[in-house]
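In: prediction below, plus the sequence it came from.
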Amino acid sequence: MANSGLQMLGFVLALLGWIAVIVATIMPQWSMSSYANDNIITAVAIYQGLWMACTTLSTGQISCKLYDSILQLDSSLQATRALMVVSIVLGVLGMAVSSMGMKCTKCGGDDKVKKSRIAMMGGFLFLIGGLAALIACSWYGHKIIQDFYNPYTPVNSKYEFGAAVFIGWAGSFLGILGGALLTCSCTKNSGYNGRYPKAAKSKAPSSNKEYV
């Protein structure tokens, strides 16, 4: 029961992390315009995402525009896009594989050892997907920090962390944790318990001999 509960906990955490990665990938708030050391008060907030850039006015009106060409994008943005998509795809595969190997499901046969190994494979997929999302968010965050402290970057071109970066980090950590729990729930034995069968106890010979 403890092993089954560990699998369920790992699957739920990995599923929540996968949903958070999808939300972070779709959101346009990966970076937001910074007003540090800026004495001019503006009524416009600029957000940049992986797929579009948005402008928010003080009246609440939002205007978004998709990026025109992939080739015109920065290499770090293209790499972040690719890693996040890879993370989502690996999450889908991880859910499909681990669902077949979990003890609470009837898929994958009745062999407990085989099912636990399938669940471990699904955990590995979640682990790799979480690492891909973690690398993507960290790479993008490093680019924001590098541009922010660059003295040659104009003040009105500096950006800070958006909400999507933090959601992506949280999702990647949940995916890694859930994948690790699924991997650790694998049954260690494979039907052989390493013990020799107990020999049948033989009766001690009787001390009194019977003569005919």
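Out: Cool, the structure landed.
In: now Ile176. Its backbone dihedrals?
Out: phi -70, psi -40 (degrees, to the nearest 10).
In: could you pull up the mean pLDDT of the helix or strand that contains Met95?
Out: Following DSSP states H and E, one finds Met95 within helix 75-101. Mean pLDDT, helix 75-101: 91.
In: tell me the gap between it and the middle of its chain.
Out: 8 Å (CA atoms, centre = their mean, to the nearest Å).
In: buried residues in that helix?
Out: 77, 80-81, 83-84, 86-88, 90-91, 94-95, 97-101 (16 or more other CB atoms under 10 Å). Just so you know, the C-beta spots here come from the backbone N, C-alpha and C atoms, and that holds for glycine as well.
In: tell me which helix or strand comes right after that helix.
Out: Once helix 75-101 ends, the next helix or strand along the chain (criterion: DSSP H and E) is helix 112-148.
In: from the chain's centre, how far out does the next helix or strand along the chain from that next one sit?
Out: Once the chain leaves helix 112-148, the next helix or strand it forms, by DSSP H and E, is strand 159-161. Chain-centre distance of strand 159-161: 23 Å, with CA atoms, centre = their mean.
In: give the partner strands of strand 159-161 in its sheet and their orientations.
Out: strand 31-33 (antiparallel) (DSSP bridges).
In: how far does the next helix or strand along the chain from the partner strand sit from the chain's center?
Out: Sequence-wise, the next helix or strand downstream of strand 31-33 (DSSP H and E) is strand 44-48. Centroid separation for strand 44-48 versus its chain: 28 Å, with CA atoms, centre = their mean.
In: the next helix or strand after strand 44-48 - contacts with which helices or strands?
Out: In the C-terminal direction, the helix or strand that comes right after strand 44-48 (DSSP H and E) is strand 52-57. Strand 52-57 sits against strand 44-48, strand 62-66, with contacts defined as 3 or more CB pairs under 8 Å, 6 or more residues apart in numbering; DSSP states H and E.
In: between the two ends of stretch 144-152, how far is it?
Out: Start-to-end span of stretch 144-152 (CA to CA, to the nearest Å) is 14 Å.
In: what's in contact with it?
Out: 31, 34, 153, 157-161, 165 (CB atoms under 8 Å, 6 or more residues apart in numbering).
In: next: stretch 175-187.
Out: By CB under 8 Å, 6+ apart, stretch 175-187 touches 3, 6-7, 9-18, 21, 87, 91, 94, 98, 112-113, 116-117, 119-120, 122-131, 133-134.
In: recalculate using a threshold of 6 Å.
Out: For stretch 175-187, contacts defined as CB atoms under 6 Å, 6 or more residues apart in numbering pick out 3, 6-7, 9-10, 13-14, 17, 98, 113, 116, 119-120, 122-123, 126-127, 129-130.
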